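>>> Provided below are the primary sequence and the corresponding predicted coordinates.
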Amino acid sequence: MSKIIAVTSGKGGTGKSTVCSGLGYTLAKQGHRTLLIELDFGLRCLDIIFGIEKKIEYDLGDVLNGRKQPLDAVTQVPMAANLNLLCAPKTLTHVTAEQIVDICRSVKKYFDYIIIDTGAGINSHVFDIVEQANLILIISTPDPVCIRDASLMSDEFYNRGNKSQRLIINKISKKVIGDALVNNLDEIIDRIGVQLIGVIPDDFKMTVATGKGNPIPTDSAALKAFDAISKRLVGDFVPLTVKTS
């Protein structure tokens with residue numbers, strides 16, 4: 001049975017889609033059949049990140065409008081044989097949690113992991129969709145606003161009974177840890193109140209690769225972090241690639 005993972009954040013700009021692409025890419029490289037479902041309607045970017053913008057024939061909008069079955073709207077990502085993408089539509093489209101559940105149910109036998117790239121923000125639409133997942137990954141950066149919003153979002157998930165949450169801290173650099181924003185990463189973890197599963201460094205090599213739609217370089221520090229998180233998701237014990245203090 002597929003494991004459904006929802007990746008979400010309290011506000012935009014946390015790098016949520018980059019995290020989705022990194023986790024999807026590394027899970028697929030490890031041999032897991034992986035599907036990314038993008039829900040950032042009108043703001044899709046995963047096709048650009050994977051360099052397949054011109055290869056997208058159908059998207060989630062075609063599924064929601066009944067023009068295509070979910071599996072027929074999925075695009076295989078050439079840079080990773082086990083990686084597939086169901087793009088968000090370019091225009092705003094109404095969607096319900098029930099529709100996303102139905103889509104996942106119809107394709108889950110074909111995939112080991114389904115990663116849902118939700119829209120950012122604290123609203124009922126996001127909560128209704130995310131609470132259907134087996135695991136919720138909350139993305140935050142060291143920005144105090146991101147930390148507060150991530151904490152509020154996590155509290156709401158707990159109030160709804162969603163206890164399967166893990167935290168990923170993104171865009172970490174020596175410049176922001178210390179006197180700049182927070183004293184250390186443990187401070188972020190304590191403020192949000194969610195168990196940490198990984199830390200992603202701010203990596204220029206990753207930024208260039210995803211901007212150009214190229215594979216992430218093997219010497220990328222961010223790629224190593226994504227690979228470690230992906231292995232933790234499947235139950236392996238892997239130490240943090242970035243220290244928390």
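Thanks, I have the structure now. Because the structure is a prediction, the values reported are computed rather than measured. Residues are numbered from 1 along each chain as shown.
>>> lowest-pLDDT helix or strand in the chain?
For the chain, the helix or strand with the lowest mean confidence is helix 124-130, at a mean of 72 (criterion: mean pLDDT, DSSP states H and E).
>>> Distance from the next helix or strand after that helix to the middle of the chain?
As assigned by DSSP states H and E, the chain's next helix or strand after helix 124-130 is strand 135-140. Centroid separation between strand 135-140 and its chain, computed with Cα atoms, centre = their mean, to the nearest Å, is 8 Å.
>>> how near is Q195 to K163?
10 Å (Cβ to Cβ, to the nearest Å). Bear in mind the C-beta positions are built from the backbone N, C-alpha and C, glycine included.
>>> Would you mark the buried spots in the one helix or strand R105 maps to?
Element membership of R105 [criterion: DSSP H and E] is helix 97-107. For helix 97-107, burial by neighbour count (16 or more other Cβ atoms under 10 Å) applies to 97, 100, 103-104, 107.
>>> Of those, just say which sits nearest to I115.
Proximity of the buried residues of helix 97-107 to I115 (Cβ to Cβ) peaks at C104, which lies at 10.7 Å.
>>> Make sure V182 is actually in contact with P142.
Yes: contact criterion Cβ atoms under 8 Å: V182 and P142 qualify, at 5.3 Å.
>>> returning to what we had before: which residues are contacting the least confident helix or strand of the chain?
The contact list for helix 124-130 (Cβ atoms under 8 Å, 6 or more residues apart in numbering) reads 6, 8, 39, 95-97, 100, 116, 118-120, 136, 156-157, 160, 162.
>>> Out of the residues you listed, which sit inside strands?
With strands defined by DSSP state E, the entries of the contacts of helix 124-130 inside them are 6, 8, 116, 136.
>>> And these, which two are furthest apart?
Taking every pair in the ones in strands among the contacts of helix 124-130 and measuring Cβ to Cβ, the maximum separation is 9.8 Å, between I116 and I136.
>>> and for these two, which residues touch both?
Here I116 and I136 have 5-6, 130 as joint contacts, going by Cβ under 8 Å, 6+ apart.
>>> list the contacts for I216?
Residues in contact with I216 (Cβ under 8 Å, 6+ apart) are 22, 25, 205-206, 209-210, 222-223, 226.
>>> Repeat the analysis, applying 10 Å as the threshold.
In this structure, I216 makes contact with 21-22, 25-26, 29, 49, 79, 203, 205-206, 208-210, 222-224, 226-227, judged by Cβ atoms under 10 Å, 6 or more residues apart in numbering.
>>> And it, what's its pLDDT?
For I216, the model assigns a pLDDT of 90.
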